[in-house]
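1. here is a sequence with its predicted model. Questions after.
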Amino acid sequence: MTVFAPSMINLWKTIESYGLDPRPLFAAEGLKISLPIDPSIRLPYGKIDRIRAKAAALCNDEAFGIRSATVYTASQTGALGYAWQASQTLRKAFERLERFVRIVNDKAVVLVDDIDGYMVVTLKVNAPSECAMARDDGALAVVTMMSRMICGDHFRLQGVNFRHPAPRDLKPYFEYFGCQVNFDQAENQLLIPSAIADELLIGANPELALLNDQVVTRRLALMDRNDIVARVKAALMEQLPNGDVSDGSVANALHMSVRTMHRKLAEVDRNFRGLLVEVRRSLAELYILDNSLTLTEISLLLGFSEPSSFSRAFKNWTGSAPSEVRQARAVDD
């Protein structure tokens, strides 16, 4: 089990915020941190978890996890953090986090649901912790900070659920989250009003979001060398703009025969054609939001030889022609 190395800058800065030197704690686990941290490096979860637990005990602060949100920057989550900042809506940002959170922690899970007018975001790490309170509070607080950064001052939470028992001092929780806080709950969750989750964000940049999605996808493919679906998707995203993508070109990029690739996909009940459509559709839904791209340019980026072929495919996927989606969005704006 591993974590994204640059994310450890958050833990380092949190410890420093208490006036403590983090170096002995990291050195005790055999970790020497030097900046900048290579984003391709991953660190053992167990070592980071022990450092966090020792630091929380040393600081004697039950709100240690919440403190970590105050030192968060997008660079700590790499391309995922930059894609988050460029998302069209907060819901899209969380759906992106749901899809890619394993780049930060390969045992982390994010679930996004809609319940009674709220977007309910569940955060969990499927691994034990020596201080689950600090770990889970940190995740909830950092994600709240990420939401405030892209939504602005009007962002608000309806409530926050914590799995751990209530701390002795509730004040830091009320002050930071600014809403009802519930303890001894089944899951760690954020409850966000749907109106806030679906509001268009002024910092939205579909092209930038897509570019960073591609970086994350490639890194996940490297992590999951045995995950044939992730590897094929990453290769498709690379090759589509060339216009000559095929099962042969993708198999060649993966250093295997076409027959081997098809067999591996069949073993997980997937197929090349289905993945090609899936990748094209997800990219099309992002590109269509970028008015700087013409429909002809989008069709070429998706590997279609003719704009008419793209239009037919898009209407088959969504029920609407791409020009109709563009016109409707212009009216809404």
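-> Structure's in. What do you need?
2. from Pro167, how far off is Ala74?
-> Relative to Pro167, Ala74 is positioned 29 Å away (C-beta to C-beta, to the nearest Å). All C-beta spots, glycine's among them, are computed from the backbone N, C-alpha and C.
3. show the contacting residues for the most centrally placed residue in the chain.
-> The centroid of the chain falls nearest to Leu97 when counting by C-alpha atoms, centre = their mean (2.5 Å). Counting by C-beta atoms under 8 Å, 6 or more residues apart in numbering, Leu97 touches Leu80, Trp84, Val110, Val143.
4. which strands or helices does the strand or helix carrying the second one pack on?
-> Assigned by DSSP states H and E, Trp84 falls within helix 78-85. Contacts of helix 78-85 with other secondary structure elements, assessed using 3 or more C-beta pairs under 8 Å, 6 or more residues apart in numbering; DSSP states H and E, are made with helix 90-100, helix 132-151, helix 206-223.
5. okay, the angle between the first one and helix 78-85?
-> Interaxial angle, helix 90-100 versus helix 78-85 (axes from the mean of the first three to the mean of the last three C-alpha atoms, to 10 degrees): 160 degrees.
6. helix 90-100 - what's its average pLDDT?
-> What helix 90-100 shows for mean pLDDT is 90.
7. how distant is that helix from the center of its chain?
-> Here the centre of helix 90-100 is set off from its chain's centre by 6 Å, with C-alpha atoms, centre = their mean, to the nearest Å.
8. what angle sits between that helix and helix 206-223?
-> Using the same axes, to 10 degrees: helix 90-100 against helix 206-223 is 20 degrees.
9. with only the CA atoms kept, save whatever helix or strand comes next after helix 90-100 in PDB.
-> With elements assigned by DSSP H and E, the helix or strand that comes after helix 90-100 is strand 108-115. Provided in PDB are the C-alpha atoms of strand 108-115 (Å, rounded to 0.1, in the frame of the first residue of the first chain):
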ATOM      1  CA  ALA A 108      -8.600   5.300  -0.700                       C
ATOM      2  CA  VAL A 109     -12.200   5.300  -1.900                       C
ATOM      3  CA  VAL A 110     -14.500   8.200  -2.600                       C
ATOM      4  CA  LEU A 111     -18.200   7.600  -3.200                       C
ATOM      5  CA  VAL A 112     -20.600  10.400  -4.500                       C
ATOM      6  CA  ASP A 113     -24.300  10.000  -4.000                       C
ATOM      7  CA  ASP A 114     -27.400  12.100  -4.100                       C
ATOM      8  CA  ILE A 115     -29.800  12.000  -1.100                       C
END
